[in-house]
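Peer 1: structure of the sequence below:
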Amino acid sequence: MRVIRSLKSPLNMLFIYETEDGYKVESVFYKGERLCVSSQVGCPVRCAFCASGMYGLKRSLKAEEIFAQYSLLKEELPIKGVAIAGIGEPSANADEVVKAIELFKRDGLKVTVSTTGYPIEGFKKLMGAPHDGLTISVHGISKEVREKIFGVNVPLDEVLKALEEYLQKTSSSRRKKFQFGYLLIKGVNDSKEELKKLGELARKYRMTVMLMAYNEVEGIPLKGVSEEEYEEAFLFLRKEGVRVTLSNRFRRDKLGGCGTLTIAREVRE
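Peer 2: Numbers count the residues shown, from 1 in each chain. Below is the predicted model of the structure:
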């Protein structure tokens with residue numbers, strides 16, 4: 001694997017890599033300390049809002065390729081942590097992702113992972129991995145809403161059953177490493193009814209909700225909510241008794257913000 005191009009904004013740096021067999025993946029260095037890396041070439045979940053899955057899944061990355069996205073940059077950047085939240089679904093490549101987590105930890109890095117929980121067997125492996133935080137991307141609670149968002153069936157009841165079984169067996173300190181992720185999409189999952197269901201879920205599992213703002217993607221017709229609507233959703237969940245965090249400016253940056261990484265970016269070497 002090699003770096004073939006880098007792009008820079010005032011907030012983030014995006015790196016494009018080419019694998020030995022000619023595929024391209026991307027990572028983002030944000031907040032001046034964390035590298036968000038990819039786990040697959042493309043993504044099998046194909047969420048309706050996300051550029052990463054627009055072309056489907058080409059193949060999974062090996063642990064060495066996931067780690068290489070960091071090792072190729074570590075001498076030039078002050079990387080303190082890694083987020084496995086770039087292109088790909090970590091649960092669909094769980095064995096290699098767990099190996100990669102172990103490699104990162106040997107280098108003294110904090111490692112977080114984001115997953116939809118699909119497929120369930122992979123999700124179970126990730127929950128028990130030596131990560132420093134796991135975000136479960138729910139994005140919708142009702143069946144109707146989830147069918148609009150996910151390109152494959154990600155049964156929330158099965159994800160929650162596996163989560164509950166794991167949390168019952170783990171320590172209270174370990175429980176604090178888990179949270180729900182929820183990306184607000186205008187007219188899709190931003191209704192008070194859906195947010196109320198999210199609040200009920202968060203209270204039941206005593207989980208924080210990371211409420212994310214949508215980075216609109218060219219070629220995808222979905223839209224994000226306004227700043228006012230975003231704040232209203234935040235305050236609504238707070239009133240429902242939920243711990244909520246918001247997307248920071250790095251995650252909302254057009255260059256390498258959430259949902260914007262792709263395997264088909266135009267590259268000129």
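Peer 1: in which helix or strand does the nearest residue to residue 256 once chain neighbours are set aside reside?
Peer 2: Excluding its sequence neighbours, the residue lying closest to residue 256 (Cβ to Cβ, 6 or more residues apart in numbering) is residue 28, at 3.4 Å. C-beta here means a position set from N, CA and C on the backbone, and glycine is covered the same way. Counting by DSSP states H and E, the secondary-structure element that holds residue 28 is strand 24-30.
Peer 1: which residues touch that strand?
Peer 2: With Cβ atoms under 8 Å, 6 or more residues apart in numbering as the contact definition, strand 24-30 has outside contacts at 4, 11-19, 35-38, 40-41, 61, 69-70, 73, 77, 79, 86-87, 250-251, 253, 255-256, 261-265, 267.
Peer 1: and residue 146, how close does it get to residue 198?
Peer 2: Computed with Cβ to Cβ, to the nearest Å, the distance linking residue 146 and residue 198 is 12 Å.
Peer 1: then residue 107?
Peer 2: With distances defined as Cβ to Cβ, the gap from residue 107 to residue 198 amounts to 36 Å.
Peer 1: buried set for stretch 99-112?
Peer 2: Buried residues in stretch 99-112, counting neighbours by 16 or more other Cβ atoms under 10 Å, are found at 99-101, 103-105, 109, 111-112.
Peer 1: sorry, slip of the keys, the one I care about is stretch 40-59.
Peer 2: Taking 16+ other Cβ under 10 Å as the basis for neighbour counts, the residues of stretch 40-59 that come out buried are 40-54, 57-58.
Peer 1: same deal with stretch 219-228?
Peer 2: Buried positions in stretch 219-228, judged by neighbour count with 16+ other Cβ under 10 Å: 222, 224-225.
Peer 1: for those, give me TSV that also has secondary structure.
Peer 2: Listed next are these as TSV, based on DSSP: H, G, I helix; E, B strand; the rest coil:
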residue	secondary structure
222	coil
224	coil
225	coil
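Peer 1: give the partner strands of the strand holding residue 28 in its sheet and their orientations.
Peer 2: Strand 24-30 has its sheet partners listed here by DSSP bridges as strand 13-18 (antiparallel), strand 34-37 (antiparallel).
Peer 1: which residues sit against the helix or strand of the chain with the lowest mean pLDDT?
Peer 2: Sorted by mean pLDDT, DSSP states H and E, the helices and strands of the chain end with helix 172-175, the least confident at a mean of 90. For helix 172-175, the external contacting residues (Cβ under 8 Å, 6+ apart) are 167, 206.
Peer 1: distance to residue 188 added to the buried residues of stretch 219-228, as a markdown table?
Peer 2: Rendered in a markdown table, the data for these read as follows (distance: Cβ to Cβ, whole Å):
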| residue | distance to residue 188 |
| --- | --- |
| 222 | 7 |
| 224 | 10 |
| 225 | 10 |
